[in-house]
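Undergrad: Need coordinates for the below:
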Amino acid sequence: MRITQFIFSFILLGMFSFHVDAQPKVLASIKPLQLIAQAILGIESQAQVLLPPGATPHHYSMRPSDMVRLQEADIVIWLGAKSEYYLAKSLGKQTTEKRVLNLQNYLVQGVDGYPDPHLWLSSKQAVKIAQLLAEQLVQIDSDRESVYRDNLQAFTVEITQLEKQIKEELGALNLSYLVYHDAYRYFEQEYGLSHQGVVSLQPEVNPGAKHLLMLQQTIQKKKIGCIVAEPESNSAVMKILVEDTAIELIILDPLGNSLTVGRHAYAQFLRGVAETFKRCRVE
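TA: As a prediction, the model looks like this:
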């Protein structure tokens with residue numbers, strides 16, 4: 001009898017300890033937000049991401065497994081209903097049950113009149129997101145307040161120094177390029193860059209013949225170093241534009257799907273974006 005009571009007490013103690021020590025579960029809608037969250041969580045647990053590699057928010061549909069992860073998360077980070085409408089209905093039902101970090105108010109208006117969701121390409125916005133998340137974590141996990149604040153400080157220093165380095169490097173180069181998708185304005189504005197044209201004016205909509213002709217004329221009149229495209233860009237359209245030219249076609253994944261999640265992964269992501277644009281140098 002005493003042995004049974006001891007085992008039962010031991011199990012209860014283990015359950016209680018797990019409950020106390022368990023770090024809050026953070027779920028990000030896309031990988032760049034996951035990378036930022038990981039820098040604040042540190043090495044004790046891993047931030048999760050909802051959107052699988054290769055998927056886009058434009059046509060994604062929630063799966064039953066996604067709903068389970070949404071229900072289990074303590075904090076959800078997303079870009080808001082106007083950018084991630086597939087998530088709005090499911091998340092709206094749970095706003096009273098969990099903390100939701102909605103970044104919609106931090107988005108600027110794009111040239112099409114809709115919010116430009118790509119704010120994670122700004123190092124300053126990344127630091128802001130990290131600050132918002134750290135405050136949320138401190139409120140629900142005060143025992144680890146010093147850990148979250150130390151991680152935030154380290155992330156802020158790392159990204160601020162990297163921002164300075166990238167500005168110096170890109171500022172010393174003459175860059176001229178087209179973009180397939182107008183997704184880099186946050187990055188461009190922060191580092192003083194400007195594209196010479198956009199291939200696809202709307203996500204996942206192929207350009208018409210008239211627009212392609214205009215781009216070909218731009219290429220003829222201006223010295224273009226490269227075209228920055230995404231993995232899902234229309235290869236046939238790209239072939240038309242680069243054919244019989246010296247223009248380099250560069251594939252850049254603005255979601256960083258190939259990166260391994262870690263404390264320094266966001267800095268690696270930002271560095272990778274900068275290195276891509278450096279290849280668009282012209283003499």
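
Undergrad: Going by C-alpha atoms from here, please, whenever you check contacts or count neighbours.
TA: OK.

Undergrad: what about the helices in the stretch 151-283 of the chain?
TA: Counting by DSSP state H, counting those that start in this stretch, the segments of the stretch 151-283 of the chain that form helices are 185-191, 209-221, 235-242, 265-278.

Undergrad: who does the last one touch, helix- and strand-wise?
TA: Put plainly, it is helix 265-278. helix 31-41, helix 145-171 (3 or more Cα pairs under 8 Å, 6 or more residues apart in numbering; DSSP states H and E).

Undergrad: Please apply the same query to the third one.
TA: The elements that helix 235-242 packs onto, with contact taken as 3+ Cα pairs under 8 Å, 6+ apart, are helix 209-221, strand 248-251.

Undergrad: pLDDT of that helix, averaged?
TA: For helix 235-242, the mean per-residue pLDDT is 90.

Undergrad: Dump that helix to CSV, restricted to CA.
TA: C-alpha atoms of helix 235-242 as CSV (Å, rounded to 0.1, in the frame of the first residue of the first chain):
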residue,chain,number,x,y,z
SER,A,235,10.1,30.1,-65.3
ALA,A,236,8.8,30.6,-68.8
VAL,A,237,8.3,34.3,-68.2
MET,A,238,11.8,34.5,-66.7
LYS,A,239,13.3,32.8,-69.8
ILE,A,240,11.6,35.4,-72.1
LEU,A,241,13.2,38.3,-70.1
VAL,A,242,16.7,37.0,-69.7
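
Undergrad: what residues does that helix touch?
TA: Helix 235-242 is contacted from outside by 206, 212, 215, 216, 248, 249, using Cα atoms under 8 Å, 6 or more residues apart in numbering.

Undergrad: What is the nearest of these to residue 128?
TA: Nearest to residue 128 among the contacts of helix 235-242, counting by Cα to Cα, is residue 249 at 32.7 Å.

Undergrad: can you count the residues close to that closest one?
TA: Residue 249: 20 surrounding residues under other Cα atoms under 10 Å.

Undergrad: Which residue, neighbours along the chain excluded, lies closest to it?
TA: residue 227 (5.0 Å; Cα to Cα, 6 or more residues apart in numbering).

Undergrad: what's the spacing between that neighbour and residue 57?
TA: 23 Å (Cα to Cα, to the nearest Å).

Undergrad: Compare these two (neighbour count), which wins?
TA: residue 227 (26 against 14).

Undergrad: which residues touch that one?
TA: 177, 178, 179, 180, 247, 248, 249, 250, 280 are the contacts of residue 227 under Cα under 8 Å, 6+ apart.

Undergrad: Highest neighbour count among those residues?
TA: Going by other Cα under 10 Å, residue 177 tops the contacts of residue 227 with 27 neighbours.

Undergrad: In the beta-sheet assignment, what are the partners of that one?
TA: Counting by DSSP bridges, residue 177 is bridged to residue 226.

Undergrad: wait, isn't residue 74 in contact with residue 22?
TA: No - between residue 74 and residue 22 there is no contact under Cα atoms under 8 Å: 11.2 Å.

Undergrad: Those two: which has the busier surroundings?
TA: residue 74 (19 against 12).

Undergrad: Look up the closest residue to the more buried one, ignoring the ones flanking it.
TA: Nearest residue to residue 74, sequence neighbours excluded (Cα to Cα, 6+ apart): residue 25, at 5.1 Å.

Undergrad: One more: residue 80?
TA: Nearest to residue 80 is residue 104, by Cα to Cα, 6+ apart, at 4.8 Å.

Undergrad: so the one you found makes contact with residue 77?
TA: No - using Cα under 8 Å, residue 104 is not in contact with residue 77, being 10.5 Å away.

Undergrad: ok, these two, which is more surrounded?
TA: Neighbour totals were compared for residue 104 and residue 77, and residue 77 leads with 22 against 18 (other Cα under 10 Å).

Undergrad: Next, name the residue at the spatial heart of this structure.
TA: residue 32 (2.5 Å; Cα atoms, centre = their mean).

Undergrad: For that one, give me its contacts.
TA: Residue 32 neighbours (Cα under 8 Å, 6+ apart): 120, 255, 256, 266.
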